[in-house]
Structure formats: structure tokens, C-alpha cells
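Trainee: 3D model of this:
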Amino acid sequence: MVFEEFIRILTQRMSSPLPGLPVQLRMSSNHRLRELMDFSAGDHAVKSSVLILLYPGRITGIPTFVVTQRHHYEGVHGGQISLPGGRFEPEDKELLRTALREAREEIGVETSLVQTIGKLTELYIPPSNYLVQPFVGYTLSAPDFIAQPAEVAEIIEVPVEKLMDENNLRQRKIEVRGMHIEAPCYVIGQKIIWGATAMILSEFKEILSGMRL
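Mentor: Residues are numbered from 1 along each chain as shown. So this is what the prediction gives:
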């Protein structure tokens, strides 16, 4: 499918009601489900946003998106694979600007080149107390990514067809804060995408369901 046609159909689908939390929870571990039952987002939650940035693949031209791997550090999300994004700052004015600013700071994406399609269902992350608003946007050509060395260990480009491939949907034991939990995940090459990022991508995947790529 031509990239522009993919974007046209995706934009149309995102104008309909979103699949929402039930679809996000397909990629939640039992541990996360218990946390979500015990805690809910309130006024204390830290507002944040992330960006699913789509673009035509460099060689194939097929729809592709980008994730990053964090450095390993002592913290809730050390070493995990994430979508570009972060914490809302007052100067951002709105959460979309947060996602765009973070994409520029983390991976060097020129904000003016990103066209926004819409947003997905927000997701509360109990361990970090973040309330995350995902946005979907695109550029008409593959960006020249530049990793911010202090934050990003690796930039990973993922063809959308890899996300849609059910063979890449797995269950893995993952170490989390000294515990080993069984969690659903996407295995893309040697990379494991799980947790909040997988939950957000689960809703995105549902929106794309049945689309020929």
C-alpha cells in the first residue's frame, strides 16, 4: 500500500470511537492488572504524552514507526523500549507539544515536519504514577534520527507489518523491580516490547486490524 493511502485510511479509522482500555489490557501482565485495580489516576498523576511516529520505510517504503531503548539504570523503566515522549512541562501548553518536543529532544525529529492524525486512549502507569496520552503522527519521508546520548541507548525502526504479525506476539518472563513476572509482549527481532508501550501499541494495532499494508 502506498504510504499516503495508508495514512488516509488510518485517519479515517481514528475518527471513529477508539477501542480503549479493554484492548490495551490484552498486553497487560496479571501483575499490572492488580496494580490498576489497586490504584487509579487522580489529580496526583504526572501528565505525560508519547508519539507513535509513522513514516515510509527507508528501503521498502512500507509504513514504519520508531521506538527507543532506554539506558539501563536504577529506576522503574530502565532498559525498557519506549515510544518517544515524556513528562508535560508548563511551557508546552498542551500534551501534543510535549510529545513533539520530546521526539525532537530524544531522536532529533524536526517538529515542523510532523503532521498529527489524532490521539489514542490515555493510559495510567501505576509504578511511575504517569498518566500517558498517546498521539499518532507522521512524516512523509523517513526522518534523519539523532539519538540523545544521555537518554537513548538505541533507536529502533519497526515496520508496522511486524507489529501486525501474530507470530511476534509472545509471553515472556521479565524481571521487574526484583520480581519475575509473566507478561505478553511483542518480540521484534531481538527486541522485547512490553508494559505500557505494548499496551498502547495494542490499541494502535486494533485500529489497523484488517488493513492491507
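Trainee: all contacts plus neighbour counts: C-alpha atoms, from now on.
Mentor: OK.
Trainee: any idea how far residue 88 is from residue 172?
Mentor: 32 Å (C-alpha to C-alpha, to the nearest Å).
Trainee: neighbour count: these two, which is higher?
Mentor: residue 88 (21 against 16; other C-alpha atoms under 10 Å).
Trainee: right, and the helix or strand after the lowest-mean-pLDDT helix or strand in the chain?
Mentor: Each helix and strand of the chain was given a mean pLDDT (mean pLDDT, DSSP states H and E); the minimum falls on helix 30-38 at a mean of 62. Counting by DSSP states H and E, the next helix or strand C-terminal to helix 30-38 is strand 46-56.
Trainee: any idea which helix or strand comes after that next one?
Mentor: Heading C-terminal from strand 46-56 (DSSP H and E), you reach strand 63-70.
Trainee: that following strand packs against which elements?
Mentor: strand 46-56, strand 81-82, strand 152-159, helix 160-164 (3 or more C-alpha pairs under 8 Å, 6 or more residues apart in numbering; DSSP states H and E).
Trainee: where do the strands of the protein begin and end?
Mentor: 46-56, 63-70, 81-82, 85-87, 115-119, 123-125, 130-138, 152-159, 169-176, 179-188, 191-193 (DSSP state E).
Trainee: ok, now which ones touch residue 172?
Mentor: 182, 183, 184, 185 (C-alpha atoms under 8 Å, 6 or more residues apart in numbering).
Trainee: and the second one, how far from residue 171?
Mentor: In other words, residue 183. 5 Å.
Trainee: of those two, which one has the most company?
Mentor: More crowded of residue 183 and residue 171, by other C-alpha under 10 Å: residue 183, with 19 against 15.
Trainee: so who does the more buried one touch?
Mentor: Per C-alpha under 8 Å, 6+ apart, neighbours of residue 183: 27, 28, 29, 30, 171, 172, 173, 174, 194, 195.
Trainee: looking at these, which one is closest to residue 68?
Mentor: Distance ranking of the contacts of residue 183 against residue 68, using C-alpha to C-alpha, places residue 194 first at 12.7 Å.
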